[in-house]
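Asker: let's see this in three dimensions:
(one chain, ligands or ions: 3)
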Amino acid sequence: MRIFKFGGASVKDASGVRNVCRVLQTVGYDDTGIVVSAMGKTTNALEEIIKKYLAQDHRYIDLIDKLESEHVSIIEELENACDGEDVDRVARFRESGIKKEISTIFKSLTEELLRNKSKSYSFLYDQVVSHGELMSTKIVAAYLNSCGIGLQWKDARELIKTDQKYRDAAVDWEKSERLVQQHCSDGLFITQGFIASDVNGFTTTLGREGSDYTAAILAYCLKAQSVTIWKDVPGVLNADPRVFENTVLLNQIPYNEAIELAFYGASVIHPKTLQPLQGKKIPLYVKSFISPEDPGTVITDTATIEPYIPCYIVRKDMVFLKISSRDFSFIGENNISDIFQELSEHKMQVGLLQNSAISFSICIEDKYAKLNELLNDLKTRYQISHVTGVSLYTVRHYDETALEFIEEGKEVLLKQRAQETLQLIVME
Ligand code: ADP
Ligand code: ASP
Ligand code: MG
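Answerer: Ligands and ions are numbered 1, 2, ... in the order given. Next up, the predicted model:
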C-alpha cells in the first residue's frame, strides 16, 4: 500500500478536485489509501460557526448557509463537463446523489447544534469541525468515482481510535492498527484526515493541520511502502516561500532533521507526522500537485540533508515572557519545574527558553488563548514581564551570512546560538 494525502489547498475549488484526478492518473493509484482534508478554509469557517454559536449569536446559521452554498457551487461546477470531458462522466457524477448527501450533512450539523447540551468547547469543537473532512471526502470520492477511479469511502472514525482529549487527541495505536488492517488492507480507498473517535464513538480531532498525521498513522498501521503529501509547493523548501525570497528545494532530509524543522515551526509538515514513519522506516515524499512527476522532497533514513544549506523558519504572533523571582533570589530547579507545570496546564508550546541565575526567558505560542490565565497564575509567585506579537526566527545550519541576513533591520529581543541552530526573538 501507499498513502497519499491531499490538503485543503489542493481541493479548495472544483479545479483542485479535478486536479486530484489528474495526479492519480499521472502517478497511478493501485493499492493506494487517499487522505483528504477539508476544502480550502472550511475548518476556519467551522471554527467561526462554533464561536458564534457559543456566543449565542444566531448569525451562526448564516455562516452554515454560506459554507453550504460554497460546497454546493463546487459540486455544481463538477456537474459541468470541462475541456471536452466525457458526458458519461458528468451523468455519473449527477447520479451519485452527492448534492443530496451534502445537504443532509449540513442539516444534521444544524440539528446537532440545536440539540446540543454540552458546555465543553473542545468536545463541541470536534463534533462540529469534523464535518469539513466528511464533506470534502464525499465530494472527492463522488468525483473520482465518476471519472472511473473506483474507490471505497471509509469513515476515519471507524479506523482511528483515540483518548478523549478533544482537539488534541492521542492515538490508541493498538486498537487503530487492528481496525485499519481489518478495513483497509487492499484496494483503493479514501478517508478523512484530522478526525478520529473515542471509546464511546464520539468524534475527536488530532490538532489543527492534523491530516498529515492521519496519513502517517494509516501508513504505520498498514506498514505502507511510502506516504506522499501533495502540496502547492515543489517540496520542502529551505524557507516558507510566503515569507522568504529565493527559496531552495531540499531534495533529501533525514527523519531527525525533518522532525527538528517541523518542531521549530516549518508548517509544511505537521510535527507529529514523522515519528510513526521513522519507526517503520517509511519514506515521506512531499511533492507538488501542480507538477506531480517532479521528484519533490524525500524524508527518509538518510544521513544528511541535501543540499546542506541554512533553513529558515519563522513563527509569528508569539509571546516573549521573562520570569524572575519576587525577591531576586535564584531561579532554581524547583521554580523551573513549577513554571513548566503551569505551561503544560495552559497548553503553551515553548519555542525557545533561556535561563540565567535570576531570570527565566521563554518564547511561547498561545494556541488556545490561555495567556491571561497563565500570567495571573504565575504572577502570584513570580515577577513577570511579557511582550506579545513577537516573531521567533530559527535558522538551522546557520553560517555568518545567514546570521547577518536574518538580523538585518530587525529589533532583536533575544538571540541564542547553538551548534546547529540559531534563534532570534524579534519585535515586528
Ligand atoms: P495543505 O494544503 O496540505 O494543508 P499547507 O498550506 O499546510 O498545505 O502547506 C503548504 C504551505 O506550507 C505552502 O504553501 C508554504 O507556504 C508553506 N510552507 C511553510 N514552510 C515551508 C517550507 N519550508 N517549504 C515549503 N512550504 C512551506
Ligand atoms: N482541516 C484541518 C485543518 O484545517 C486539518 C488539516 O487540514 O490538516 O486544520
Ligand atoms: Mg493544511
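
Asker: the helix or strand harbouring residue 262 - contacts with which helices or strands?
Answerer: Assessed by DSSP states H and E, residue 262 sits inside helix 255-264. On a contact count with 3 or more CB pairs under 8 Å, 6 or more residues apart in numbering; DSSP states H and E, helix 255-264 meets helix 274-279, strand 297-300, strand 311-325, strand 382-396. Heads up, the C-betas are built off the backbone N, CA and C, glycines and all.

Asker: so can I have TSV of these showing mean neighbour count and distance to ligand 3?
Answerer: Formatted as TSV, the helices and strands packed on helix 255-264 follow (neighbours: other CB atoms under 10 Å; distance: least, CB to the ion, whole Å):
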stretch	mean neighbour count	distance to ligand 3
helix 274-279	19	16
strand 297-300	24	17
strand 311-325	21	16
strand 382-396	18	20
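
Asker: of those, which is nearest residue 69?
Answerer: strand 311-325 (31.3 Å; CB to CB).

Asker: next SSE downstream of the closest one?
Answerer: helix 333-345.

Asker: any idea how far that following helix is from the middle of the chain?
Answerer: Remark: helix 333-345 is offset 28 Å from the chain centroid, using CA atoms, centre = their mean, to the nearest Å.

Asker: tell me which residues in it are buried?
Answerer: 335, 339, 342-343 (16 or more other CB atoms under 10 Å).

Asker: and it with strand 382-396, angle?
Answerer: Helix 333-345 and strand 382-396 are oriented at 70 degrees to each other (axes from the mean of the first three to the mean of the last three CA atoms, to 10 degrees).

Asker: numbering from 14 from now on, please.
Answerer: Okay, using 14 as the starting number, the last item reads as helix 346-358.

Asker: the helix or strand following helix 346-358: partners in the sheet, and parallel or antiparallel?
Answerer: Next in sequence after helix 346-358, counting helices and strands by DSSP H and E, comes strand 362-368. Here strand 362-368 is paired, per DSSP bridges, with strand 372-378 (antiparallel).

Asker: what's the closest non-adjacent residue to residue 369?
Answerer: residue 344 (7.8 Å; CB to CB, 6 or more residues apart in numbering).

Asker: count of residues packed around the one you found?
Answerer: A total of 19 residues lie near residue 344 under the criterion other CB atoms under 10 Å.

Asker: and for residue 93?
Answerer: 11.

Asker: tell me who's in contact with the residue nearest to residue 369.
Answerer: Residue 344 makes contact with 336-338, 368-373, according to CB atoms under 8 Å, 6 or more residues apart in numbering.

Asker: any chance of those in CSV, with distance to residue 281 too?
Answerer: Shown next, in CSV, are the contacts of residue 344 (distance: CB to CB, whole Å):
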residue, distance to residue 281
336, 32
337, 37
338, 40
368, 31
369, 35
370, 39
371, 39
372, 34
373, 31
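
Asker: got JSON lines for those residues, with distance to ligand 2 and pLDDT too?
Answerer: Listed next are the contacts of residue 344 as JSON lines, based on distance: CB to the nearest ligand atom, whole Å; pLDDT from 0 to 100:
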{"residue": "336", "distance to ligand 2": "31", "pLDDT": "94"}
{"residue": "337", "distance to ligand 2": "37", "pLDDT": "92"}
{"residue": "338", "distance to ligand 2": "39", "pLDDT": "87"}
{"residue": "368", "distance to ligand 2": "34", "pLDDT": "86"}
{"residue": "369", "distance to ligand 2": "38", "pLDDT": "85"}
{"residue": "370", "distance to ligand 2": "42", "pLDDT": "84"}
{"residue": "371", "distance to ligand 2": "40", "pLDDT": "83"}
{"residue": "372", "distance to ligand 2": "36", "pLDDT": "87"}
{"residue": "373", "distance to ligand 2": "32", "pLDDT": "90"}
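
Asker: you'd agree residue 93 is up against residue 103?
Answerer: Yes - in terms of CB atoms under 8 Å, residue 93 counts as a neighbour of residue 103; the distance is 6.9 Å.

Asker: for residue 301, see how far away residue 153 is.
Answerer: To residue 301, residue 153 is 19 Å away according to CB to CB, to the nearest Å.

Asker: looking at these two, which one has more neighbours?
Answerer: The neighbour comparison of residue 153 against residue 301 (other CB under 10 Å) goes to residue 153, with 24 against 19.

Asker: please look at the more buried one and residue 32 and confirm they touch.
Answerer: No - if you go by CB under 8 Å, residue 153 and residue 32 don't touch, sitting 10.8 Å apart.

Asker: and the residue in the stretch 64-213 of the chain positioned nearest to ligand 2, how far from residue 420?
Answerer: Closest to ligand 2 within the stretch 64-213 of the chain is residue 207: 3.7 Å, counting by CB to the nearest ligand atom. According to CB to CB, residue 207 stands 37 Å off from residue 420.

Asker: likewise residue 409?
Answerer: For residue 409 relative to residue 420 (CB to CB), the value is 16 Å.

Asker: what's the answer for residue 73, then?
Answerer: Relative to residue 420, and taking CB to CB, residue 73 is found at 46 Å.

Asker: next to ligand 1, which bits of the chain? Give me the list.
Answerer: 20-23, 50, 222, 244-246, 249-250, 252-255, 279-281 (CB under 6 Å from any ligand atom).

Asker: among these, name the ones in strands.
Answerer: Judged by DSSP state E, strands contain the following of these: residue 244.

Asker: could you turn the buried ones of the residues of the chain next to ligand 1 into a ChimeraX selection?
Answerer: In ChimeraX, this line selects whichever of the residues of the chain next to ligand 1 come out buried by 16+ other CB under 10 Å:
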select :20,21,22,23,50,222,244,246,249,250,252,253,279,281
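
Asker: before we move on, back to that, once you drop chain neighbours, what's closest to the residue of the stretch 64-213 of the chain closest to ligand 2?
Answerer: In space, residue 207 is closest to residue 223, 4.4 Å off (CB to CB, 6+ apart).

Asker: now do that neighbour, the pLDDT please.
Answerer: Looking at residue 223, its pLDDT is 96.

Asker: just give the number of residues close to it.
Answerer: 23.

Asker: contact partners for it?
Answerer: Neighbours of residue 223 in contact, by CB under 8 Å, 6+ apart: 206-207, 283, 285.

Asker: so which of those residues comes closest to ligand 3?
Answerer: residue 283 (8.0 Å; CB to the ion).

Asker: count the neighbours of the closest one for me.
Answerer: Residue 283: 24 neighbours (other CB under 10 Å).

Asker: any idea how far it is from residue 232?
Answerer: 14 Å.

Asker: ok, and the closest non-adjacent residue to residue 125?
Answerer: Nearest to residue 125 is residue 140, by CB to CB, 6+ apart, at 6.5 Å.

Asker: next: residue 185.
Answerer: For residue 185, the closest residue by CB to CB, 6+ apart turns out to be residue 174, at 4.4 Å.
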